[in-house]
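Undergrad: The following block contains a protein sequence and its predicted model.
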Amino acid sequence: MGRSPTDLAIFIGKRLLQLIPVLLGIIILTFVFTHLSVANCSIWYPHAGKTTLALCQAQFSKPIWVQFWTYFVNLLHGNWGASVTGVPVYPAIAAGVPATLELVIASLFLMIVIGIPLGVMAAQTAGRWGDHLVRIFYLTGWATPTYLGAVIAAIFLAPYFGLPSHGEYTYTPPPFHQWTHMSVVDALLAGNLPWTWDAFKHLILPASVLAFINMGIATRMTRSSMLEVLPLDYVKSARMKGLSEFWVMYKHALRNSLITTTTVLGVTAGGLLAGTVVIEEVFGWPGIGAYAYTAIGGGGAAPNFDGAVAVVAVFAVGVVIANLIADILYGVLDPRVEWR
Amino acid sequence: MSDPVVAIEGLTIDYIVGAGRFRAVSDVSLEVERGHVVGIVGETGCGKSTLAQAIPRLLPEPPATIGGGRILFEGIDLVKVPLWKMPGIRGTGINMIFQEPLNSLNPAFRIYDQVAEAVHIRNVREGGKGAVVRAEPGPFDYSKRPNPSAGDAWRGKVVPGGAVAEEIHRKQVDRQVGGSAEDLKKEVLDYLRLVRINDPETILNLYPHELSGGMRQRIMIAMALSEKPSLLIADEPTSALDVTIQAQVLTLMKELIEEVNTSILFISHDLGVIAETADELGVMYAGKLVEFGPIAEIFQSPRHPYTKALLRAAPTRYKTDGPLLSIAGNVPNLSRPPPGCRFHPRCPIARPVCREEPGPPLAAIPGSSENHRSACHFATEVPQIP
């Protein structure tokens, strides 16, 4: 137990091992619940032809454990299953995960560079006007339902600011190979600056909406932990060194309050993933959020149960990894913490 | 001999808590002469820490408000300086050592980063950016004080003339010759050695939580001294340490006071600690300075009943039998101070005038040296108290 790189490696290894039972549980739960709900194929797939219906019946008439075993063995062989009509799940997930990741990282970035300074400002002016203004700002975001925020942004803000509100690029497909499936990164890798700018503009609105709605937690945590830190002696001794208020706040005080904020941001990353389902659908972002929406029959699409299970599993991995990163950062920020 | 580093005149500080108004410090006037150590003693809650933190304007305002008075630091009235300009005075002008060494170092940074930050700030203010190569006479001889006063820095004339300017110029030339990161490290090591840390190379890379309380207080002292402040405020620097460490730190501070030509305002509730270090002594009671004067004189012949009682209550190693003496009564509640002199309910020589009229201001006492002042109507009668 300690703080050496070996300790860190052991810590990460342990946490990744813990991921296995979590994943197993998640897959079993979502698989059982989705597949139990298929009572009658003709109700779920009203427009399906005879062949599809027959396929559906053949799959769902078996006992649930047999269905699960078949699915699970396939999964272990790297086969993520397919929709009832035979469209495989894996390619859609493989293309969607990076796109969603790009969106989540962009909004996390916004949450950090806007939300945390707002929290510092609120703590500095605690109980006075600045504090109240910041509170109004983040509570507005917090109280906004995701779909409402997304729709307002897409309908009103997009034309006002001249920002695109649909998709990753103005024209698809882009004239270069999508190595990573992250729109901005791919355009940059191709060295195509006009397309990079285009992709960046497409990213602004969905990322800002996602950030605005989830920013409250970062601001609030930063504010409260700053208020805990500010009366401490080491903040006073930093002031007494002759440091300006900016450095006292952002170097000495914030460094210690970030320890709590980071933990909370790790948890929030899960909330961001959940938020992407609606955001991606509204903004036509080709990530797994939008895929999840169609997989559960959103927009009148035919339900795709294997797809739904895969998306939930991927989200679960995302949440666990986000928390793992937060825990690692926790140890990096606080030298008293040992990784174990 | 009147060249005070800081002169406090009629300083009054209130805490506004809800509807209540607590006068933590009322009408305190004192001076710290250049190169002198002034001790302030008093019971818990008598306002000595508030006074200490008010000088560099470290009190959170609100709830604290400066109700009146002036704090003249090198000719600048700190009460009138806007808060955002105070960082220019703190550090190289006024520095402070806090009571709790466990909390006064930032837990997230290594010792080196924290000490180097202080050294760097002073280097920048001395005119050369980055670290400065030091030729003779080494960092411990402050006789030349190449540090322009914080007052100058605040007024904008950072570089003074004469010999001091030459010194700075020489350093700037040196700086262009030497590499700065290594020099900074060397200087940090010098200051850690100055506070008698045996193995500074190892200490540099440690975090505060890996050190003992005494070590941390030494590092705080090194950090404060490395900025060569004109005034060092030590707010109960030894109170949180256990007795052996206390003795070590105190010895260290006494040695440093001789080596380093800095004025010190030494706050303590421990008369023994004050007796070992201070040149002058101020005694505070319920927010007021009740007696001020040369320490030997006060110890020999206190001229305020409270000082007398305090001295009698101090435990000595020669007293081996009987209970320790205490002062009868309680410290008054500062939101409702007693009418008249604040000490009269506990005073053995109180008379009607003490109940009716507020305590007199500090005044020279007939028959004592002119520096010895007391805030008692009957200062001349105090020696007769048994």
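TA: All right, it came through fine.

Undergrad: How about the stretch 51-200 of chain B: which residue is closest to chain A?
TA: B:Gly91 (2.2 Å; Cβ to the nearest Cβ). In short, each C-beta sits where N, CA and C put it, glycine included.

Undergrad: again with the stretch 201-350 of chain B
TA: For the stretch 201-350 of chain B, the residue closest to chain A is B:Tyr207, as judged by Cβ to the nearest Cβ, at 4.4 Å.

Undergrad: what helix or strand does the most centrally placed residue in chain A sit in?
TA: Nearest to the geometric centre of chain A sits A:Leu273, at 2.9 Å (Cα atoms, centre = their mean). Using DSSP states H and E, A:Leu273 sits in helix A:254-283.

Undergrad: Show me which positions of that helix end up buried.
TA: A:254-266, A:268-273, A:275-283 (16 or more other Cβ atoms under 10 Å in any protein chain shown).

Undergrad: what's the answer for stretch B:50-62, then?
TA: Applying 16+ other Cβ under 10 Å to stretch B:50-62 flags B:Thr50, B:Leu51, B:Ala52, B:Gln53, B:Ala54, B:Ile55, B:Pro56, B:Arg57, B:Leu58, B:Leu59 as buried.

Undergrad: Also stretch B:356-374?
TA: Buried residues in stretch B:356-374 (16+ other Cβ under 10 Å): B:Gly359, B:Leu362, B:Ile365, B:Ser368, B:His372, B:Arg373, B:Ser374.

Undergrad: Check whether the residue in the stretch 1-150 of chain A that chain B sits nearest to sits in a helix, strand or coil.
TA: Residue nearest to chain B within the stretch 1-150 of chain A (Cβ to the nearest Cβ): A:Gly127, separated by 9.0 Å. Recorded secondary structure, A:Gly127: coil (DSSP: H, G, I helix; E, B strand; the rest coil).

Undergrad: so what's it up against?
TA: The contact partners of A:Gly127, taken as Cβ atoms under 8 Å, 6 or more residues apart in numbering or on different chains, number zero.

Undergrad: Now do it against B:Arg21, distance only.
TA: Look at A:Gly127 and B:Arg21: by Cβ to Cβ, to the nearest Å, they are 18 Å apart.

Undergrad: swap in B:Gly340?
TA: On the measure of Cβ to Cβ, B:Gly340 and B:Arg21 end up 19 Å apart.

Undergrad: okay, the two: which has more neighbours?
TA: B:Gly340 (18 against 13; other Cβ atoms under 10 Å in any protein chain shown).

Undergrad: Tell me the first helix or strand C-terminal of the lowest-mean-pLDDT helix or strand in chain A.
TA: Here the helix or strand of chain A ranked lowest by mean pLDDT, DSSP states H and E is helix A:41-44, holding a mean of 74. On the C-terminal side of helix A:41-44, the closest following helix or strand by DSSP H and E is helix A:50-60.

Undergrad: and stretch B:349-357, how far apart are its ends?
TA: With Cα to Cα, to the nearest Å applied, stretch B:349-357 spans 15 Å between its terminal residues.

Undergrad: near chain B, from the buried residues of helix A:254-283?
TA: Among these, the ones lying near chain B by Cβ under 8 Å from any Cβ of the partner chain are A:Arg255, A:Asn256.

Undergrad: In the chain, where is pLDDT below threshold?
TA: Assuming you mean chain A. Applying pLDDT under 70 to chain A flags residues A:1-2, A:38-39.

Undergrad: my question was about chain B
TA: The model of chain B has pLDDT under 70 over residues B:1-2, B:127-180, B:316-324, B:386.

Undergrad: Could I get the full set of strands for it?
TA: Assigned by DSSP state E, chain B shows strands spanning B:4-17, B:20-33, B:37-41, B:64-73, B:76-77, B:94-97, B:231-235, B:263-268, B:280-285, B:288-294, B:363-364, B:373-374.

Undergrad: which parts of the second one are buried?
TA: Judged by neighbour count (16+ other Cβ under 10 Å), strand B:20-33 contains these buried residues: B:Phe22, B:Arg23, B:Ala24, B:Val25, B:Ser26, B:Asp27, B:Val28, B:Ser29, B:Leu30, B:Glu31, B:Val32, B:Glu33.

Undergrad: One more: the first one?
TA: Of the residues in strand B:4-17, those buried under the neighbour-count criterion (16+ other Cβ under 10 Å) are B:Pro4, B:Val5, B:Val6, B:Ala7, B:Ile8, B:Glu9, B:Leu11, B:Thr12, B:Ile13, B:Asp14, B:Tyr15.

Undergrad: What strands line up against it, and which way round?
TA: strand B:20-33 (antiparallel), strand B:64-73 (antiparallel) (DSSP bridges).
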